[in-house]
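Undergrad: Here you go, sequence then predicted model.
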Amino acid sequence: MSLQKSIQNGEGKTIEFKVELPNSNTLAKTIIAFSNTGGGKLIIGVNDQGEIIGLEHDVNIFELKDKVASIIYETCYPTVLPDIYTTTIDDHLLLIIEVYRGNLLPYYLKSKGKSEGVYIRVGATNRKASYENILELERQRMNISFDQEANREVDLDSLDITTLKGRFARAGKVLDQAVMKNFKLVIEDNNTLYPSNGLLILLGKLEHVRMKCSRFKGTSMDVFLDRKEYEGDLFSQLEDAENFIKNHIKLSSEIKGLQREDQYEIPLEAIRESLVNAVVHRDYSNGGRDIKIGIYDDIVNVVSPGGFPSTITQEDILEGRSEIRNKVIARVFKELNYIEQWGSGIRRIKSSCEDRGLKEPEILEKGDFVDVSLYREVASSTENIGSGSFLTDQEQKIVEFLKEHDDIIRTKDAKIVLSVEERRAREILKDLVEKQVIDKKGKGPSTFYKLK
């Protein structure tokens, strides 16, 4: 991408603007943050709005370059060696300080030391690194992922790996001790086997390994219609989350020959890929957050803790570039055929929605999390409401029950059929009445519903 195009796109993970050379402390924080993350360019002569102002005409560019080099050498540790050069755009002279991601992580301010002086790039800002951030940078220097580390606080013999063995068996594969060592699910140290963080994550044994699903009324988070929190092994969480989404999006049916073909408004491929990506690529080293799935009238939203891996930008993701954050998790998912080909997931999400005629999904890095929005079909009229074309999976189950049970259902029946609380069952029945699919009969305890 050309420098001018980068400027037009605005400040971000790998680019920052300053009208003039900032003070030593501000300059050093930006240089350190770029070095610890994915590298970047600090452009002097551009304002916050991306307007090219240029350097002052009487500036001594050689002295300015020497000043920048001196500040960086005196304030940053380990030593950072940026490229410092000038360029001209529309007769405006700019100074570019280009920093590359370092291999001696973490970098920090000499005056504050490693514990207080490490900065990372989060979006378009420089953020002081937490203790967990510093540990992650040290792992990156050693090319080790969090899920590859041994967890010495958990006794391996206390873990029940039956579910994981079952997943391997269903894929026609064996999970024995040799395989577990090979996949770094267990780590041997001084003739003792320890579970890795990866094994504990796969089994759902870490407290923050969970998925929270919510159905909201309208397009905001003001009113909950339904919510569930799923724990247990990662594969069960994925299945539960997928079923939750399917229960709250529209299901249409089409008769082809003698068979009925059901089709969800959002392709299941896009839903599954979004969920798998969230599980495989999230930042598990941050223990304070979990995956959140929100279903609104217009979108299905999947939010995963942790931004893109340090060297990956928004443009890289859209072009199919992939970098694995969790090497143990990713390898197991690939082995069990949850991942088809590295770097192909985003393409499949977009193409499956495009083939359905839906608005292109958005995959965005927002600060230190990744936000995926899958757009739902929006009915342009109500002419097909009564036909079942716009029924959710839960609503479709009610219709099927009515067809099989003499056209009558009560709230207690709906509660059992859908495995939901009574309040939620009433809401679903009310929605079907409003869609003119069923009629409400009787009052109080004698209330029942019939197909129209």
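TA: Yep, that arrived. The shown structure was predicted, so the numbers you read here are calculated from the model rather than taken from an experiment.

Undergrad: As a check, name the ranges of all strands in the stretch 101-250 of the chain.
TA: If DSSP state E, counting those that start in this stretch is used as the criterion, the strands of the stretch 101-250 of the chain fall at 108-109, 119-122, 125-128, 186-189, 192-195, 211-216, 224-230, 250-256.

Undergrad: Flag the helix or strand of the chain with the lowest per-element mean pLDDT.
TA: Across the helices and strands of the chain, mean confidence by mean pLDDT, DSSP states H and E is lowest for strand 250-256: a mean of 71.

Undergrad: Pick the most deeply packed of the strands of the stretch 101-250 of the chain.
TA: Compared across the strands of the stretch 101-250 of the chain, strand 119-122 shows the largest average neighbour count, a mean of 24 (mean count of other Cβ atoms under 10 Å). C-betas here are computed from N, CA, C, even on glycine.

Undergrad: Which neighbouring elements make contact with that strand?
TA: Contacts defined by 3 or more Cβ pairs under 8 Å, 6 or more residues apart in numbering; DSSP states H and E place strand 119-122 against helix 24-36, strand 125-128.

Undergrad: of the ones you listed, which approaches Leu3 most closely?
TA: Closest approach to Leu3 among those (Cβ to Cβ): helix 24-36, 15.9 Å.

Undergrad: Quick one: residues contacting Val19.
TA: Applying Cβ atoms under 8 Å, 6 or more residues apart in numbering, we find Val19 in contact with Ile44, Gly45, Val46, Asn47, Ile53.

Undergrad: roughly how far apart are it and His208?
TA: Distance, Val19 to His208, by Cβ to Cβ, to the nearest Å: 42 Å.

Undergrad: Check Lys359 too.
TA: Taken as Cβ to Cβ, the span from Lys359 to His208 is 32 Å.

Undergrad: Please, which helix or strand holds the residue most central in space within the chain?
TA: Central residue of the chain (Cα atoms, centre = their mean): Ser304, 3.1 Å from the mean position. Here Ser304, judged by DSSP states H and E, is contained in strand 299-305.

Undergrad: right, and the helix or strand after that strand?
TA: Downstream of strand 299-305, the first helix or strand assigned by DSSP H and E is helix 314-318.

Undergrad: Going by neighbour count, list what's buried in that following helix.
TA: Asp316, Ile317 (16 or more other Cβ atoms under 10 Å).

Undergrad: tell me which residues in the helix or strand that that helix is followed by are buried?
TA: Next along the chain after helix 314-318, taking DSSP H and E as the criterion, comes helix 327-335. The neighbour-count check on helix 327-335 (16+ other Cβ under 10 Å) flags Lys327, Val328, Ile329, Ala330, Arg331, Val332, Phe333, Glu335 as buried.

Undergrad: And stretch 295-306, by the same measure?
TA: By neighbour count on 16+ other Cβ under 10 Å, the buried set for stretch 295-306 is Ile295, Tyr296, Ile299, Val300, Asn301, Val302, Val303, Ser304, Pro305, Gly306.
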